[in-house]
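Participant: From the sequence below, what's the structure:
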Amino acid sequence: MDVVLSPYEDPSAGLDWPEQTPQILEGLKSRIESWDGAKVEYRIRETNHGLGADWPTITLQILSLSATAFFVIPAAHKKIRESIEEWRKIKANVERFIAWVSPKKKIASYPVELLFLDCADQALETDASERLEFLGWSEVPVPAEVSGGFTAIKHYIFTFRSATQITLVAIDNRRQVLWIRSTPV
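Facilitator: Alright, predicted model coming up:
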C-alpha cells in the first residue's frame, strides 16, 4: 500500500526542499516506530509528482501493520459480501494509522487498496442484493490539463455485479467518489 505524502514547506519560508528531506524522513520514521507499540513494516522514499515542475513528495509504502498482513485487491469474480466485514476492520485500522502518521501532512494520494474498499462500500449501499461480486478495476488516464500538471492525480473505476445490476464506481486517489452508475443486468 502506497501513501503519498506532501509534507514539504515552501522554500521561501526557510529551508530548500533537499534540505527539508532528511528532517522529514527522520520525523516520519520516528513517528512510525512509536505506533501503538505494534510492528509496522514499511519503506519510505523521496518522490516527485510534478509534471514539468517540482512537487516533492514522500511515498510511504506500508507492507504490514500490526499482525495484519495487508490484503490485495481481490481477483475478479470474488464475492464481496462474504468478507466485507473483515475488510472493513482492516480499512479502519489503515485509516487510523494514516491519520496518526500524518496528522499535519497533506495526503497527496491514498492507496488503491483503500480506494477499493471505499468503492465496495458505495456499491453495497446502492445494491441490497445478497450476492455482490467484484468484477475488476482499472486506472483511467488523467490528462495534464485536468490534473493541473500533477502526475499524482489518478482516477479509477471499480466494477461490481449482483443478481440484479452492474455498478461502476469512479474515484480519484484522494478518495473523492466522482460518480456511481448502475445498470440492470
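Participant: May I ask which helix or strand of this structure has the lowest mean pLDDT?
Facilitator: strand 68-69 (a mean of 54; mean pLDDT, DSSP states H and E).
Participant: Might one say that residue 156 is in contact with residue 170?
Facilitator: Yes: counting by C-beta atoms under 8 Å, residue 170 is a contact partner of residue 156 at 7.1 Å. Every C-beta, even on glycine, is put in place using the N, C-alpha and C of the backbone.
Participant: Find residues that contact each of the two.
Facilitator: The contact sets of residue 156 and residue 170 overlap at residue 140 (C-beta atoms under 8 Å, 6 or more residues apart in numbering).
Participant: those strands in the protein, which residues are they?
Facilitator: For the chain, applying DSSP state E gives strands covering 2-6, 40-48, 56-65, 68-69, 78-79, 106-109, 132-140, 155-162, 165-172, 177-184.
Participant: so what's residue 102 up against?
Facilitator: 3, 5, 7.
Participant: Just the closest of those to residue 109, please.
Facilitator: residue 3 (7.2 Å; C-beta to C-beta).
Participant: what about the residue nearest to residue 120 when sequence neighbours are not counted, neighbour count?
Facilitator: Nearest non-adjacent residue to residue 120, counting by C-beta to C-beta, 6 or more residues apart in numbering: residue 80, 5.5 Å away. Around residue 80 there are 21 other residues, counting by other C-beta atoms under 10 Å.
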